[in-house]
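Student: All I have is the shape, not the residue letters:
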């Protein structure tokens, strides 16, 4: 892409932005190809700038399609695109590769996922405006993100339980590589979904903190419950997560405390920073009185 002319890149960006979510395209392979092409476009600075150069109405329409409820489409790619637009702005999120993997050599440094962060403040601004102005879009989108986070993290926990049991047996070397790959994917999805929540909390905190909005309190309670679940599972010393991480199994290299804990921390910090004194007490009470809250999980984290 970097060898193409600016006009060509911008023209292709306009086509992708217009048609990646076009309901008239019924072929699954074509729709997937368009989505993957857009995902690659936002990973490289020169092609991302081409997306930013398309007409404003097209950019807004593209962001609106990205914020449609996840249940209605292949959501993992959509979420990944939003993450790339945010990466470089989040709490502890300026790395290209995870800190604990820096000593190892990546298989292919040219992969889109291994490109340096190049966030788009312009597209972030469109996202913030859409979420603020459309009071039906925000809860619909966020509930779908929370639903997928609940699913992905629950699947991950179930899988590491099975992996731990298999690793404790004599046939430790026979842990199914496919199972390890799916487990790592569920973990990566969980982290990515948390980052999109951090992005939303940062860009439009009133969605969670302005209780004059009918959905704000419910969204905040759901968020608190899920964050507490993540902290409980990840922070306890010598717990299931800790034991599986320490096994250092091939295929689970991305599974570590750092990426998921800094994502949760980013959400909590933004909520605390953006609330007023009265809201601070309401916020704390929601987290403390959530069914799965444990003080030790915060101390350990």
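Tutor: Sure thing, it's come through. Everything numeric here is computed off the predicted structure, so don't read it as measured data.
Student: wait, residue 34 sits on residue 18?
Tutor: No - if you go by C-beta atoms under 8 Å, residue 34 and residue 18 don't touch, sitting 9.7 Å apart. (C-beta placed from N, C-alpha, C; glycine too.)
Student: Which of these two has more residues huddled nearby?
Tutor: residue 34 (21 against 15; other C-beta atoms under 10 Å).
Student: tell me the pLDDT at that one?
Tutor: You'll see residue 34 listed with a pLDDT of 92.
Student: Residue 277 now?
Tutor: On the pLDDT scale, residue 277 is placed at 62.
Student: Likewise for residue 293?
Tutor: 67.
Student: Likewise for residue 182?
Tutor: 94.
Student: if I look at it, how far off is residue 101?
Tutor: 20 Å (C-beta to C-beta, to the nearest Å).
Student: State the number of residues packed around residue 20.
Tutor: Neighbours of residue 20 using other C-beta under 10 Å come to 25.
Student: And residue 15, by the same measure?
Tutor: 14.
Student: What is the strand or helix carrying it packed up against?
Tutor: Using DSSP states H and E, residue 15 sits in helix 6-19. Judged by 3 or more C-beta pairs under 8 Å, 6 or more residues apart in numbering; DSSP states H and E, helix 6-19 is in contact with helix 28-41, helix 45-53, helix 56-66.
Student: and the most centrally placed residue in the chain, what does it touch?
Tutor: In the chain, the residue lying closest to the centroid (C-alpha atoms, centre = their mean) is residue 192, at 2.2 Å. Contact analysis of residue 192 by C-beta atoms under 8 Å, 6 or more residues apart in numbering lists 79-80, 83.
Student: Format the residues you listed as a markdown table; extra columns: pLDDT, neighbour count and distance to residue 29.
Tutor: Output for the contacts of residue 192, formatted as a markdown table (pLDDT from 0 to 100; neighbours: other C-beta atoms under 10 Å; distance: C-beta to C-beta, whole Å):
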| residue | pLDDT | neighbour count | distance to residue 29 |
| --- | --- | --- | --- |
| 79 | 95 | 22 | 21 |
| 80 | 95 | 21 | 19 |
| 83 | 97 | 23 | 24 |
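Student: Of those, just say which sits nearest to residue 13.
Tutor: residue 80 (17.3 Å; C-beta to C-beta).
Student: I'd like the distance between the closest one and residue 47.
Tutor: 15 Å.
Student: How about residue 33?
Tutor: Per C-beta to C-beta, residue 33 is found 16 Å from residue 47.
Student: ok, now residue 79?
Tutor: Separation of residue 79 from residue 47 (C-beta to C-beta): 19 Å.
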